[in-house]
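> whatever this is, show me its structure:
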Amino acid sequence: MYNRNFRNSSRSRFAKGSSFRPQAGGFPRPQSGGLPRAYSSASPRAGSRGRRVFTNPGLRINVNRFINRATPQEAVAPYNAIHRFQDFAIHQTIKQNITRVGYETPTAIQDQTIPLILEGKDVIGVANTGTGKTAAFLIPLIHKAATFRQEKFLVIVPTRELAHQIQDEFVRFSQTLGLSSVVIIGGMGMGNQIRALRRNPTAVIGTPGRLKDLIERKVLYPSNYRTVVLDEADRMLDMGFITDIRFMLALLPSPRQTLLFSATLSSEIDALTRQFQNNPIKISAVTGVTPSAIDQNIVRFGTEESKVELLHDLLKQSEFEKVLVFGQTKHGVERLSKDLNERGFKAASIHGNKTQSARQKALNLFKQNDISILVATDVAARGLDIPHVSHVINYDIPASYDDYVHRIGRTGRAGNTGKALTFVR
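From the prediction side, this is the model:
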């Protein structure tokens, strides 16, 4: 809840005569006739017929799309799973590992795709962020590798952090089975990765650029992998990896099993499925355009100086316990992180200019609650499972609405209600 001190100290940053009226849940409701003054948008652009539209080079997103009240969790109908994990035709040790991890009932995407993957089908899995897509493909593929020791699989992901997260899940589900994995990503020495590949691991998990480098160096041989997973495929295409992905998929053996998981399906992904998959079965477990468990609102700022001050005043509030702040540029994220530390906050940053070890250290500090604020570019917007994030703040507006959905999906997870704020002029 925003307290009176925040309202009084911040009044100068809002339009003259504006009112700040906290409602239940901590966000002001839109007043009749438009958005609340304290949380108003940029001026409508010409020809918008009164719609409030944020305008940026190449970006036009109606800021009303950043405003949404969370749906009470009890009002959301739970998914009724057809199976239990114990029902799946998988190795008994994997079932024991699943129980040890604490999984009980499959999510919708797991329930519907695991049997198909076990049957060897090509699958397109579309589901909201935070719904267990990683386990949906790892559990059946680990079973195949445990049953047929010659079976190996390749997982292609957009970011280094997601590669590490998938490897962590692989280790949890494959305990005592004698299976191994290797992460192949940029930002780390190639020598250790080459040595790990020569040990013939069960799973290779990597980002497109480094995987392609090692293929061209004749260290990694795609013909050895009869199963390939494209995880967060939409993000990989957004990041410009389409050429590298086509290069690698063309070198894989045929027949093979190709699994594609994504939060959205674009025309480019559709083209990939037609070219590289064999009669894929599409499973959609999407429950809405934006997560229903997230309160979303906008915050107006005037100058860049007042923007930092407004963020400072927000972060001082007790409800902002564990906050993920998204910026658009690497330099801007680093500068903001340093500024917050100088103001007495415990913050760290993640962006493309940092070494992988520094990025991983910052992420671990945030996950373990050693710091309360993580400032990041969109490298942290996809696939990462960070527990108990209370707020996501879009300090800079994302490049697309899809990116916005993925950013705010870092909060409101595992049955909790989250909050998301987006700064606009």
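
> residue ranges in the stretch 51-200 of the chain under the pLDDT threshold?
51-59, 71-77, 129 (pLDDT under 70).

> and the closest residue to residue 108 other than its chain neighbours, what pLDDT?
Closest residue to residue 108 in three dimensions, ignoring its sequence neighbours and counting by Cβ to Cβ, 6 or more residues apart in numbering: residue 285, at 3.8 Å. Every residue, glycine included, has its C-beta placed from N, CA and C. Residue 285 carries a pLDDT value of 87.

> show me what contacts residue 285?
Contacts for residue 285 (Cβ atoms under 8 Å, 6 or more residues apart in numbering) come out as 79, 107-109, 112, 125-128, 131.

> now, among those residues, which is nearest to residue 251?
Comparing those against residue 251 with Cβ to Cβ places residue 125 closest, at 23.5 Å.

> beta partners of the closest one?
residue 261, residue 283 (DSSP bridges).

> that one and residue 95, how far apart?
21 Å (Cβ to Cβ, to the nearest Å).

> same question for residue 207.
For residue 207, the distance to residue 95 - Cβ to Cβ - is 31 Å.

> which of the contacts of residue 285 has the most neighbours?
Most neighbours among the contacts of residue 285, by other Cβ atoms under 10 Å: residue 125, with 28 neighbours.

> domain ranges for this protein?
Split into domains by automatic domain parsing, the chain comes to 4-74+290-424, 85-285.

> show the end-to-end separation of the shortest one, please.
With Cα to Cα, to the nearest Å as the measure, the first residue of domain 85-285 is 18 Å from its last.

> from here on, call the first residue 295.
Got it, first residue is 295 now, which makes that one domain 379-579.

> rewinding a little: pipe the contacts of residue 579 into CSV and attach secondary structure per row.
Supplementary listing: the contacts of residue 579 in CSV, determined by DSSP: H, G, I helix; E, B strand; the rest coil:
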residue, secondary structure
373, coil
401, coil
402, helix
403, helix
406, helix
419, strand
420, strand
421, strand
422, coil
425, coil
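
> just give me the closest of those to residue 528.
Within the contacts of residue 579, the smallest distance to residue 528 is 9.3 Å, found for residue 420 (Cβ to Cβ).

> nearest residue to the closest one in space, please, no chain neighbours.
residue 578 (4.6 Å).

> state the distance from residue 605 to residue 617.
The value you get for residue 605 to residue 617, if Cβ to Cβ is used, is 10 Å.

> quick one: the residue nearest to residue 420 and residue 421 touch, right?
Yes. Counting by Cβ atoms under 8 Å, residue 578 does reach residue 421; the two are 7.5 Å apart.

> spell out the secondary structure type for residue 589.
Residue 589 ends up strand, using three-state DSSP.

> for beta bridges, what are the partners of it?
residue 713.

> not counting sequence-adjacent ones, nearest residue to residue 666?
Among residues not flanking residue 666 along the chain, residue 640 sits closest, at 5.3 Å (Cβ to Cβ, 6+ apart).

> quick one on the thing from earlier: burial of the residue nearest to residue 420, as a residue count?
13.

> report all helices and strands that the one helix or strand residue 355 maps to contacts.
Residue 355 is located in strand 353-356, with elements delineated by DSSP states H and E. Strand 353-356 sits against strand 347-350, with contacts defined as 3 or more Cβ pairs under 8 Å, 6 or more residues apart in numbering; DSSP states H and E.

> ok, so what distance separates residue 426 from residue 472?
25 Å.

> same question for residue 564.
Distance from residue 564 to residue 472, by Cβ to Cβ: 39 Å.

> who has more neighbours, residue 501 and residue 389?
residue 501 (23 against 18).

> was I right to think the more buried one contacts residue 458?
No. With contact defined as Cβ under 8 Å, residue 501 does not count as touching residue 458 (10.8 Å).

> overlap in contacts, these two.
Common neighbours of residue 501 and residue 458, counting by Cβ under 8 Å, 6+ apart, are residue 479.

> ok, residue 400 - contacts?
Residue 400 neighbours (Cβ under 8 Å, 6+ apart): 375, 377-379, 408, 426.

> which of these sit farthest apart?
378 and 426 (14.4 Å).

> neighbours around residue 471, how many?
Neighbour count for residue 471, taken as other Cβ under 10 Å: 16.

> likewise for residue 669?
With other Cβ under 10 Å as criterion, residue 669 counts 29.

> same question, residue 527
Other residues near residue 527 come to 30 when the count uses other Cβ under 10 Å.

> what does residue 645 give?
Residues near residue 645, counting by other Cβ under 10 Å: 22.

> just residue 698 next, same as before
Residue 698 has 23 nearby residues by other Cβ under 10 Å.

> what sits in contact with each of residue 605 and residue 617?
residue 687.

> so residue 378 and residue 426 - more neighbours on which side?
Each of residue 378 and residue 426 has its neighbours counted (other Cβ under 10 Å); residue 426 has more, 18 against 14.

> just give the nearest non-adjacent residue to the more buried one, would you?
residue 401 (4.3 Å).
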